[in-house]
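>>> Sequence and predicted model, in that order:
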Amino acid sequence: MHTRLLALLSDALGPAQAANELRWMNRALDSRLSLNDMVARRVRGEPLQYILGTPSLQILLSLPAHYTSGTQPFGPLNLLVRPPVLIPRPETEHWVLRLADSFLPTATVPVSLLDLGTGSGCIPLLLCHLWPPGTVNAHGVDISPHALRLAQDNAELCGIPSRLGLTKNPQNTFTTSSANFLAKDFKDAALSAYPRFDIITSNPPYIPWKEFLELPPSVIDFEDPRALFGGPSGLEFYHAISRLISHKDILNPGAIVALEVGHDQASAVQALMHDTGCFLRTEIWLDPWGKQRTVIARM
Ligand SMILES: C[S@@+](CC[C@H](N)C(=O)[O-])C[C@H]1O[C@@H](n2cnc3c(N)ncnc32)[C@H](O)[C@@H]1O
């Protein structure tokens, strides 16, 4: 029986990944799920995180059964994931951990952080978790109501309060708002209530339209196209970010901008950051697979 299921999974995922996933599915078996069903869903391309599910978290957060579909480790955090919000990727986790290590804010002057296209909230929530209490006030914007709801649920799960709900000091905080950062009036419409930022982070949609056909079903069928595609060249959102940064009153002196990029976009995005004239230096960080993955610009 397992041999047949392993063969089915191997055709879809390759033998090593299939063996691992079958072992994890076996461990997650309960009255709701049969191994046959789990393998069939996985072969159809459903992300493993949704198949394994999180019944214990549903109980913990008093969520209805359909409301949370799984979890994904992200550094020391275990974040909720549910379609159609992008599942946080290991390459994102890698640079956020490195950013957390390379910059240590202090409670004397807490930093303000803006995360553009926050999705599950993974980037600001990990930084809020890792940096000392009272050192960062983070704000995430997204155009997707599903993403904003998930980011707020994750903040609750991680014990990171919103600035408004702050009850005791010192604490790191995370707020969210709905906004379109491609819009020409984004800064005035969405950020006028906020002070200047010390850190801007973003993992924006960056897949060029022409790469649509190369995406696996686990991405095309389960993740919001708005989380994926960055226009014809994939660079549309980086142009918007560079226009935002060029506003004189958006960044504090000494600010850092950290942008995740597609596998062949680092030089183009580095040039865009350089051309804003705002930064003293820029650098490119590699991901664990040796790909140029993050552009860092420092004032
Ligand atoms: C690649 S996902 C990244 C999500 C999360 N930051 C992460 O790293 O997993 C990009 C996010 O940008 C959001 N987004 C797309 N277009 C947007 C826009 N015009 N304005 C604001 N957010 C947008 C999507 O909804 C999605 O959550």
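Structure received.

>>> Kindly report the residues of the protein close to the ligand.
86, 88, 92, 117-120, 122-123, 141-144, 147, 180-182, 203-205, 224, 226-227 (C-beta under 6 Å from any ligand atom). Where C-beta positions appear, they are placed from N, C-alpha and C, glycine not excepted.

>>> Among those residues, which ones are in helices?
Among the residues of the chain next to the ligand, the members falling in helices (DSSP state H) are T92, C122, I123, A147, R226, A227.

>>> Please check those and keep the buried ones.
T92, C122, I123, A147, A227 (16 or more other C-beta atoms under 10 Å).

>>> Redo those as TSV? Include distance to E156.
Below are these laid out as TSV (distance: C-beta to C-beta, whole Å):
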residue	distance to E156
T92	21
C122	15
I123	17
A147	15
A227	22
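
>>> Least confident of those?
Checking pLDDT across those, the minimum falls on A227 at 87.

>>> P84 is in contact with that one, correct?
Yes. Under the criterion of C-beta atoms under 8 Å, A227 is in contact with P84, at a separation of 7.4 Å.

>>> any common contacting residues for those two?
When contacts are counted by C-beta atoms under 8 Å, 6 or more residues apart in numbering, A227 and P84 have S144 as shared neighbours.

>>> got the end-to-end distance for stretch 152-170?
Counting by C-alpha to C-alpha, to the nearest Å, you get 20 Å between the two ends of stretch 152-170.

>>> got the buried residues for that stretch?
Q152, D153, N154, A155, L157, C158, I160, P161, S162.

>>> Quick check: closest non-adjacent residue to the last one.
Looking back up the chat, that one is S162. With C-beta to C-beta, 6 or more residues apart in numbering as the criterion, S162 has its nearest non-adjacent residue at 4.7 Å, and that residue is T175.

>>> go on, the fourth one?
Leaving aside its sequence neighbours, A155 sits nearest to F174 (C-beta to C-beta, 6+ apart; 4.8 Å).

>>> swap in the first one?
Of all residues not flanking Q152 in the chain, T176 sits nearest, at 6.0 Å (C-beta to C-beta, 6+ apart).

>>> Number of residues surrounding that neighbour?
The criterion is other C-beta atoms under 10 Å. On that basis, T176 has 22 neighbouring residues.

>>> again, but for L228
18.

>>> burial count for the closest residue to it other than its chain neighbours?
The shortest distance from L228 to any non-neighbouring residue, by C-beta to C-beta, 6+ apart, is to I207 (4.9 Å). Per other C-beta under 10 Å, the neighbour tally for I207 reads 18.

>>> Contacts only, for I207.
The neighbours of I207, taking C-beta under 8 Å, 6+ apart as the test, are L215, L228, F229, G230, G234, G262.

>>> related to what we said a few turns ago, now which of the residues of the chain next to the ligand would you call buried?
For the residues of the chain next to the ligand, buried by 16+ other C-beta under 10 Å: 86, 88, 92, 117-120, 122-123, 141-144, 147, 181-182, 203-205, 224, 227.

>>> For T201, list each beta-bridge partner.
Taking DSSP bridges as the rule, T201 bridges to D115, A258.

>>> who are the neighbours in contact with it?
Listed by C-beta under 8 Å, 6+ apart, the contact set of T201 reads V96, L99, L113, L114, D115, L116, I123, P124, L127, V257, A258, L259.

>>> How about T106?
Residues near T106 by C-beta under 8 Å, 6+ apart: P132, T135.

>>> one more time with 6 Å
By C-beta atoms under 6 Å, 6 or more residues apart in numbering, the contact list for T106 reads T135.

>>> measure it to the ligand for me?
Noted for T106: a distance of 26 Å to the ligand, by C-beta to the nearest ligand atom, to the nearest Å.

>>> and if you look at L235?
Taking C-beta to the nearest ligand atom as the measure, L235 and the ligand are separated by 14 Å.

>>> in which helix or strand would I find the closest residue to that residue other than its chain neighbours?
Nearest-residue entry for L235: A268, 6.1 Å, with adjacent residues in sequence omitted and distances by C-beta to C-beta, 6+ apart. A268 belongs to helix 266-275 when elements are defined using DSSP states H and E.

>>> distance between that helix and the chain's centre?
The gap between where helix 266-275 is centred and where its chain is centred comes out at 21 Å by C-alpha atoms, centre = their mean, to the nearest Å.

>>> ok, now stretch 254-270?
Centroid displacement of stretch 254-270 relative to its chain, using C-alpha atoms, centre = their mean, is 15 Å.
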